[in-house]
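1. Sequence and predicted model, in that order:
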Amino acid sequence: MPEIIIDMPANFKYVPGVRVLVARVSQAFGFNDQEACQIETIVDELCNNAIEHGSREESQMVRINCKIENEDLEIVVIDSGTRKSFDLEKTIAGKLKLMEQEEQEGRVGERRGRGLVIVKKMSDHLSVDLSDQKTAIRVRKRKAGSL
């Protein structure tokens, strides 16, 4: 099972290179262009969130771990942010409700904070693992046509 581990400083300037690298590697292992674009977006959102909400200082690191096994790509983004609790489903449901309300009021695109909603829609699995020392967001993306 091929695995790539990237440790990058918590600085937004590194994110474009990392997201392109992961997308290109996914294509090399059979993901189509549309899937690679989605993977690039997923990595972008997760890395930006890790920097904004977790590892906030450039001296801290963000780890991106990518594993390809059979028809799946697993991406885990780990930052040094700590939270006592985080209810992923409740957060996504709240964001979706806000997005619907904004759409009804004609205010589409005015608010930030849609990253996890986007990631959830583009992936086959999304979960959050919390500890006293880190936050890990795990995403699984399956190749099109796979069971």
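-> Alright, I've got the coordinates.
2. Run through the strands of the chain in chain order.
-> 3-9, 61-69, 72-79, 125-130, 135-142 (DSSP state E).
3. Take those and lay them out in a markdown table including distance to residue 39 and mean neighbour count.
-> (Glycine included, C-beta is placed from N, CA and C.) Converted to a markdown table, those look like this (distance: least, C-beta to C-beta, whole Å; neighbours: other C-beta atoms under 10 Å):
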| stretch | distance to residue 39 | mean neighbour count |
| --- | --- | --- |
| strand 3-9 | 12 | 13 |
| strand 61-69 | 9 | 19 |
| strand 72-79 | 7 | 21 |
| strand 125-130 | 13 | 14 |
| strand 135-142 | 6 | 20 |
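4. Kindly present these as a markdown table, with separate columns for mean pLDDT.
-> Formatted as a markdown table, those follow (pLDDT from 0 to 100):
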| stretch | mean pLDDT |
| --- | --- |
| strand 3-9 | 95 |
| strand 61-69 | 95 |
| strand 72-79 | 95 |
| strand 125-130 | 86 |
| strand 135-142 | 93 |
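5. I'd guessed residue 39 sits against residue 23; true?
-> Yes: with contact defined as C-beta atoms under 8 Å, residue 39 reaches residue 23; the gap is 5.0 Å.
6. the more surrounded of those two?
-> residue 39 (25 against 22; other C-beta atoms under 10 Å).
7. could you list every residue that touches the more buried one?
-> By C-beta atoms under 8 Å, 6 or more residues apart in numbering, the contact set of residue 39 is 22-23, 26, 31, 73, 75, 141.
8. and what of residue 24?
-> residue 36.
9. and it, how far is that from residue 3?
-> As judged by C-beta to C-beta, to the nearest Å, residue 24 and residue 3 stand 16 Å apart.
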